[in-house]
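[1] A predicted structure for the sequence below; I have some questions about it.
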Amino acid sequence: MLGCFVPCHKCIDNAIHTFSGVQLRLECNRIMKLHGHKEQTGTAKIAKHTTCLVITFFIRFHPIVYGHLTDEHLKLLASCYRSCLELAESNGVKSIAFCCISTGEFHFPNDIAAQIAVETAKDYLKHSELERVILMFLRIPTKKSMKNYSDEIIHLKEKLDKADAVVIGAGAGLSTAAGFTYAGERFEKHFSDFKQKYGFTDMYSGGFYPFETLEEYWAYWSRYIYINRYMDIPNNLYDMILSLVNGKDYFLITTNVDHCFQKAGFDKKRLFYTQGDYGLLQCPTPCCNETFDNEDRIKQMYKSQSNMKIPTELIPLCPHCKKP
């Protein structure tokens, strides 16, 4: 419910929470505390986000496809749509819009997902007072632009030089451009053993894998955090950005959690990282409002893991309530 905490991808969770602001995440956190348990795949919750108007969000817990598509995936996706529709009607909502749930980063085939969405909505509307259901599945292929952007770049540089203050907004694509890719060669280099055993093909999908033990879970996440938080940035992109604003009054808002801005020398007091920092741990309950630096523990787990498991004694525990 709190959205995606993994940078360098294009999932809808990241997009919704980025553009909705921290208020939606706080409301979702309130709901989670109220219910006190994890939600089942295929269900939904309702959250109201207030800015200049009230927007109702339906937080759906959708299936993620690892490997082959199964009948269970089909049933869960249909249940996801049905749960949202039922929740909407029971709360007096007359119109509801859906993105293409579980597709894209979550690997559900577009054509099958679209068919399930349409059939589930049509079947539900036969006996419903909902006035409108919007399903967004159209993907328009785009041609690569051949336009020369040199004039625009020069114009932007002139404006930047004259600016009294600069606000920078940065998302997942920036770290991707800097070399922190989550799939392909970099994934194969660091996670080929996990790929062979568990079947996922990128780091992002691995973050959602239901590992059976905490030893496996932290073997994956310690390796993941180590290479995306404590390894050096592959190129100098962040240094180049810093050189553009050095000496200026700047402030930076980012959804990235890989610490690249601070490693490049950006002033921490001028940074707001909305989704946290891979370098910090916190109690999952939470029993306190503290965060804990994890560098030593992560590096120890990374070096000590064997057969995709860490030693049990290295599983992080909250220093107060002792929960993992």
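    Nice, I can see it.
[2] switch to C-alpha atoms for all contacts and neighbour counts from now on
    Noted.
[3] Against which helices or strands is the helix ranked longest in the chain packed?
    In the chain, taking DSSP state H as the definition, the longest helix is helix 71-90. Counting contacts by 3 or more Cα pairs under 8 Å, 6 or more residues apart in numbering; DSSP states H and E, helix 71-90 packs against strand 44-50, strand 54-60, helix 110-125.
[4] try it again with 6 Å
    Counting contacts by 3 or more Cα pairs under 6 Å, 6 or more residues apart in numbering; DSSP states H and E, helix 71-90 packs against no other helix or strand.
[5] Let me know the angle separating it from helix 110-125.
    Between helix 71-90 and helix 110-125, the angle comes out at 40 degrees (axes from the mean of the first three to the mean of the last three Cα atoms, to 10 degrees).
[6] Centre of the chain to the very next helix or strand once past helix 71-90, how far?
    Using DSSP states H and E, the helix or strand that follows helix 71-90 in sequence is strand 95-98. A distance of 22 Å separates the C-alpha centroid of strand 95-98 from that of its chain, computed with Cα atoms, centre = their mean, to the nearest Å.
[7] what pairs with strand 95-98, and is each one parallel or antiparallel?
    Using DSSP bridges, strand 95-98 pairs in its sheet with strand 132-135 (parallel).
[8] Just the buried residues of the partner strand, please?
    Of the residues in strand 132-135, Val133, Leu135 count as buried by neighbour count, 16 or more other Cα atoms under 10 Å.
[9] In the protein, what helix or strand scores lowest on average pLDDT?
    Ranking every helix and strand in the chain by mean pLDDT, DSSP states H and E puts strand 54-60 at the bottom, with a mean of 47.
[10] Got the confidence number for Thr312?
    You'll see Thr312 listed with a pLDDT of 97.
[11] now it, nearest residue through space, not along the chain?
    Glu215 (6.1 Å; Cα to Cα, 6 or more residues apart in numbering).
[12] Give me the next element, helix or strand, following whatever helix or strand that neighbour lives in.
    Here Glu215 sits within helix 214-225, counting by DSSP H and E. For helix 214-225, the following helix or strand on the C-terminal side (DSSP H and E) is helix 237-245.
[13] Show me which positions of whichever helix or strand comes after that next one end up buried.
    Using DSSP H and E, the helix or strand that follows helix 237-245 in sequence is strand 249-254. Residues of strand 249-254 classed as buried by neighbour count (16+ other Cα under 10 Å): Tyr250, Phe251, Leu252, Thr254.
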